[in-house]
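Enquirer: Give the three-dimensional model of this entry:
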Amino acid sequence: MLKITIPGMTEITVEHLLLDYNGTLACDGQIKAGVLERLEQLSTQLKIHVITADTFGSVQEQCNVPFIHIHIIGKESQDYAKLDYLKHLGAQQTVAVGNGLNDALILQEAILGFAIQQEEGCATKSLVASDIVFQNINDALDLLLNENRLIATLRR
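Expert: This next block holds a predicted model:
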């Protein structure tokens with residue numbers, strides 16, 4: 001659990017990290033370098049969830065570690081499937097991370113939403129729905145590992 005006090009905001013308590021897979025943690029189905037190491041560090045404080053339609057069929061192989069909970073969704077209404085999963089976790093205790101149009105709802109509803117703009121780009125609706133935009137996933141994960149970066153970015 002992370003307790004974060006951001007000047008100008010109420011203290012937040014984060015229990016879950018909900019991550020999109022393709023375009024966020026992975027490119028073309030292959031997890032990006034450095035991601036698993038950072039997620040393992042974060043798993044000492046947060047429950048790590050990966051939610052995906054698994055376009056490339058590789059999430060089980062690439063994220064086959066005990067500290068990641070994988071949730072595969074269907075091909076239809078993915079945005080609402082992701083939102084339902086977020087609500088099940090508790091939106092006010094969850095940081096959501098994604099890049100696609102199907103991530104816009106979770107980025108908007110989570111206590112913190114991080115948009116990632118990497119090789120696949122980022123849907124404009126997801127950019128607008130997010131609290132912070134990153135050029136790569138490792139920067140987003142590092143922000144959670146170093147609370148002062150988060151405070152510096154979101155303080156009023």
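Enquirer: mind checking the longest helix of the protein?
Expert: Scanning the chain for the helix with the most residues, using DSSP state H, yields helix 78-89.
Enquirer: Using neighbour counts, pick out the buried residues of it.
Expert: With burial defined by 16 or more other C-beta atoms under 10 Å, the residues of helix 78-89 counted as buried are 78-79, 81-83, 85-86, 89. Placement of C-beta: from N, CA and C, glycine included.
Enquirer: I figured Phe134 hits Ile116, correct?
Expert: Yes. Under the criterion of C-beta atoms under 8 Å, Phe134 is in contact with Ile116, at a separation of 5.4 Å.
Enquirer: Give the residues shared as contacts by these two.
Expert: Taking C-beta atoms under 8 Å, 6 or more residues apart in numbering as the contact rule, Phe134 and Ile116 both touch Ala140.
Enquirer: Neighbour count for these two, which is higher?
Expert: Under the criterion of other C-beta atoms under 10 Å, the comparison of Phe134 against Ile116 puts Ile116 first, with 28 against 21.
Enquirer: This structure: strands as residue ranges?
Expert: In chain order, the chain shows strands spanning 2-4, 12-14, 16-20, 26-27, 30-31, 47-52, 68-72, 94-98, 112-116, 132-134, with DSSP state E as the criterion.
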